[in-house]
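**Q** Give me coordinates for this.
(2 chains)
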Amino acid sequence: MSNAAFKTRLIALVRKETRQMLRDRSNLLVGLILPVVLILLFGYGLSFDVKNAPIAVVMESNSAAAREAVSGLAGSRYLVPVEVTSMAEADALLRAGKADAIVRVPIDFAEQQARGNAQVQLILNGIDSTTATSLEAYINGAIGTVALRRMDRGKSGAGSTGSIVLAQRIWFNEAGISTWYLVPGLVALIMTLVGAFLTSMLIAREWERGTLEALFVTPVRPLELVLAKIAPYLLIGLLDLAMCILAARILFQVPIRGSLLAILITSIAYLVVSLLMGLFISGVTRNQFAASQMALLTSFMPAMMLSGFVFDLRNVPFAVKVASQIVPATHFMGVIKTLFLAGTDWAMVAKGCVIMLGYALLLLALTWRTVRKRLD
Amino acid sequence: MNDTPPSVVIKALSKTFDGPDGKPFQAIDGISLSIPPGTLAAVVGPDGAGKTTLMRMMAGLLRPDGGRLHVLGIDLAEDAQEVQNRISYMPQRFGLYEDLSVQENLDLYADLHGVPADVRVERFSRLLAMTDLAHFTDRPAGKLSGGMKQKLGLACTLVRVPDLLLLDEPSVGVDPLSRRDLWEIIEQLIESDGLSVIVSTAYMDEAERCDHVFVMNRGMLLADGTPDELKAGARGLTHVVSPDDGVPARDLQARMIDAPELVVDAVPSGGQVRFICQPGCNEAALKALLHDCDCQPREEELEDAFMLLLHQHDDGHGDASSPPPLASQAPAVATNGNGDGPVIVVRDLVRRFGDFTAVANTSFEVKRGEIFGLLGPNGAGKTTTFRMLCGLLPATSGELLVAGVNLRNARAAARARIGYVAQKFSLYSNLSVYENLDFFGGAYGLRGKERRDRVNEIIRQFDLDPDVHSGNLPLGYKQRLAMAAGLLHQPEILFLDEPTSGIDPLARRAFWRTITALSQSGVTVVVTTHFMEEAEYCDRIAIQDAGRLLALGTPRGVRERSGIVSGHMNEAFIAIVEKARAAEAEGQEAA
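**A** Just a heads-up that it's a prediction; the model follows:
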């Protein structure tokens, strides 16, 4: 058949899909309103940062050296030191949830410091391990800063020789603000939602309403059906991408250190994979309810749990690691976080895009088969 | 052009599916046929005969398991797309895009078929005029009535002139008026465009309009020929008998159905019984069966030949086509007899949904032991009226007495005395027959031994297998089970909503035989149906259209009022609805 006929049919189908999309309110709700809700929720509501955490400080020694050692705690905007006189008192505060950590300065702190091996005890509440880890870093930092200062001062004098102090510095997300790594990840999450969830309805709905049967017995080709279904949702996805980038920049002051072009290319590549994933699920299940459940379970949940969006993939068991590598979102997540926070690593972008292209071709072939104009 | 290949050539075609019980099911069983170009051919057969499977295979949507299939001279196994480029196909449920407007649906199909813009303008205006949709081009397809949707579906299939048109049961579930309109459109287009058409249908009056008819049953081709050739098969066997005064025609009909060695088929019609006798049957025995009533030969019709073929083919298959033993032994039904007064009284019944009046000022009464039929086109208000009678939907205003109980304030009390069989199979498919009945017995408040006895009794009466999973039953048996469940608590009134839609004609006869027996035992039966000929089984019928009651009375009385005394009930029905619609239009103009 001629090229012109292909074009006429494709345009007719795209027009039809677009009209259907625009007339279905629930579609627009999921496609445009839900991403806004997610951005606000993850940006403002969900934060692993610790702010104003109460710390019980047990001052067993009241020496000047001891006072100086903990003085850094008061200077931190993440911590609120509460001075107590006994360990028992601190213990009670921790158990009551009124303190998140205990810093104990032993009675012989001054003598120890003079000998050069001063120790401060830190007890953390491990029930909330994420907060505990953050607190550890903050408290270490606060006490370490003081030690560094002391060291500087004492360079000429004696006393501090032999003690090694770790000088730590966080790169790329200097302040350790969690929105900085959550929001770029959110791009991946929203692309998955718009892609897989919305399109999972499309072919299944046509099976349920019996519209495909009539459509099959026309000159229409399976590929035209698939391409036409992707087009309008690609547009919605791009709108969402723009929203995410603007929100990241304006609302959350997330730096965009990589090239905007690279972000755009990889996001579109991932969006296409997501859309095809949804269409494939839709074509296989032929049932809207089953399709939406499947889409949620096989794309949205893995994108949330397995992609490294929140949980670090280096610390997971081998089997989970393998599973996470199968999830397309994992590969996109790494690239998009790097692009936002670190800068453009073109080799990484290229690798990501090649992987996406592979997925896209595989899913396109599979989806094609589900609409190959047969009922059996 | 004399070298035009035949529209369809089929050789030893077969197709097997997996049945609901996991066993393979032969949908098409070695069919061979050939259809010359330029003909209007019909594929007729009861539900489940394989008509839809055959149509889908001709459209290239199903791959045959065996045999060959050429459409327009093209082997479908080699180039299905080329066939799909040239034919048009209207599936049974034409998939209109309900959120697109009438015009947008038409445009979509015109684009897909590559209809040039100048041809399109002329074609669209003609199709819209024929389908009466010209005023509704902006309306979403989902907001059209059932008949209009079907016409739009036909228009979408005919956006261009195809080399072959396949119509799969275009009139199923469509009311008689829309059905007539559809056929007028098809015939006009055949005349003007010289279309080749293959239509599948369960209606014999539609098959009678065709050049060539193929009769199918259980995946096999039983016979084919022109309508006249087929009719010849029933020549000399068709008669009509008038019962004695005062005897309902259906009682005589029931007696005749119960004598299959003498009578192939019998249906009540206009107070008489039309029947087909067995070829070479014992005339003396037949005379005795008829109690010497006046019996006249009548001209054979395609329907007669069809029923004869089906009966001959089905002999030996024990589907739901033989009535359950219930027919011969009247079941014990509690008749808390309070005389012969009406058991249902409906006065000035109104039901509105927002500003839409679904049922307007309807009044009628149903007497004890009557079979009362509610008839009407789609959207006439049948289902709404029915739901109010069963206490499933409160009335907006009016009086509603069922079994002596006012439904306005004592719905639960009324419900205990009625049985309801919904149109859709509403029993649990993954429970066995016994488990379903046991559950419904419990739901009706039967307990312990009483429940067990009652369930066993009804299983015996309806000749059911208690251990079969309900979902695996054939449709006729499912319907029988649903009815058994509705009768567990021995109700005074049984409500049946479209009980025979989707069942084949033989099972339908058996089903009505059961209803007749029930009514003889004193149960009042209220039934809705879109098979107009089934109105003949009723004592009285009510015809509804657009929420209003147009006619009420005995089938014969209603016929007389319509002016069409002989012939099919269908025509009487169309006449009544049209007369009322014309009067309405006149009234609006006058106002």
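**Q** buried stuff in the helix or strand where residue A:322 lies?
**A** Under the criterion of DSSP states H and E, residue A:322 resides in helix A:318-326. Neighbour counts over helix A:318-326 (16 or more other CB atoms under 10 Å in any protein chain shown) mark residue A:324 as buried. Any C-beta I mention is one placed from the backbone N, CA and C, and that applies to glycine too.
**Q** and if you look at stretch B:381-399?
**A** So for stretch B:381-399, counting by 16+ other CB under 10 Å, buried means B:381-391, B:393, B:395, B:398.
**Q** from memory residue A:267 sits against residue A:336, does it?
**A** Yes. Using CB atoms under 8 Å, residue A:267 is in contact with residue A:336, at 7.1 Å.
**Q** Quickly list what's touching both of the two.
**A** Contact criterion CB atoms under 8 Å, 6 or more residues apart in numbering or on different chains; residues shared by residue A:267 and residue A:336: residue A:187.
**Q** what's the residue of the stretch 201-350 of chain A found nearest chain B in contact with, if anything?
**A** Among all residues of the stretch 201-350 of chain A, residue A:211 sits closest to chain B, at 3.0 Å; criterion: CB to the nearest CB. Counting by CB under 8 Å, 6+ apart, residue A:211 touches B:95-97.
**Q** Give the residue spans of the stretch 1-150 of chain B that score low on pLDDT.
**A** Within the stretch 1-150 of chain B, the segments meeting pLDDT under 70 span B:1-2.
**Q** Get me the contact residues on it for chain A.
**A** When proximity is defined by CB under 8 Å from any CB of the partner chain, the stretch 1-150 of chain B lies next to chain A at B:17, B:56, B:59-63, B:80-81, B:84-85, B:87-91, B:93-100, B:104, B:107-109, B:111-114.
**Q** All the strands of the stretch 451-591 of chain B, residue numbers only.
**A** Taking DSSP state E, counting those that start in this stretch as the criterion, the stretch 451-591 of chain B carries its strands at B:493-497, B:524-528, B:540-545, B:548-553.
**Q** With mean neighbour count, mean pLDDT and distance to chain A as new columns, can those strands be given to me in JSON lines?
**A** Output for the strands of the stretch 451-591 of chain B, formatted as JSON lines (neighbours: other CB atoms under 10 Å in any protein chain shown; pLDDT from 0 to 100; distance: least, CB to the nearest CB, whole Å):
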{"stretch": "strand B:493-497", "mean neighbour count": "23", "mean pLDDT": "92", "distance to chain A": "23"}
{"stretch": "strand B:524-528", "mean neighbour count": "25", "mean pLDDT": "93", "distance to chain A": "25"}
{"stretch": "strand B:540-545", "mean neighbour count": "24", "mean pLDDT": "90", "distance to chain A": "28"}
{"stretch": "strand B:548-553", "mean neighbour count": "20", "mean pLDDT": "91", "distance to chain A": "32"}
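**Q** Export those strands as JSON lines, with columns for distance to residue A:9.
**A** Below are these laid out as JSON lines (distance: least, CB to CB, whole Å):
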{"stretch": "strand B:493-497", "distance to residue A:9": "43"}
{"stretch": "strand B:524-528", "distance to residue A:9": "44"}
{"stretch": "strand B:540-545", "distance to residue A:9": "42"}
{"stretch": "strand B:548-553", "distance to residue A:9": "46"}
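**Q** picking up where we left off before, out of the contacts of residue A:211, which comes closest to residue A:68?
**A** Distances from residue A:68 to the contacts of residue A:211, taken as CB to CB, are shortest for residue B:97 (76.9 Å).
**Q** tell me the SS of the closest one?
**A** Three-state call for residue B:97 (DSSP: H, G, I helix; E, B strand; the rest coil): coil.
**Q** how many other residues sit next to it?
**A** Residue B:97 has 23 neighbours, counted by other CB atoms under 10 Å in any protein chain shown.
**Q** One more: residue B:146?
**A** The number of residues packed around residue B:146, counting by other CB under 10 Å, is 14.
**Q** Isn't it up against residue B:172?
**A** No. Look at residue B:146 against residue B:172 with CB under 8 Å: they stay out of range, at 10.7 Å.
**Q** related to what we said a few turns ago, now the buried members of the residues of the stretch 1-150 of chain B next to chain A.
**A** Buried positions within these, assessed by neighbour count (16+ other CB under 10 Å), are B:56, B:59-62, B:80, B:84-85, B:87-91, B:93-100, B:104, B:107-109, B:111-114.
**Q** And the pLDDT at the residue in the stretch 251-376 of chain A positioned nearest to chain B?
**A** When scored by CB to the nearest CB, the stretch 251-376 of chain A has residue A:375 as its residue closest to chain B, at 4.7 Å. With respect to pLDDT, residue A:375 has a value of 84.
**Q** same deal with residue B:310?
**A** pLDDT, residue B:310: 90.
**Q** Can you give me every residue that contacts it?
**A** With contact taken as CB under 8 Å, 6+ apart, residue B:310 is in contact with B:46, B:217, B:222, B:504-506.
**Q** gap between the helix or strand where it lies and the chain center?
**A** Assigned by DSSP H and E, residue B:310 belongs to helix B:302-314. When distances are taken as CA atoms, centre = their mean, to the nearest Å, helix B:302-314 is centred 18 Å away from the chain's centroid.
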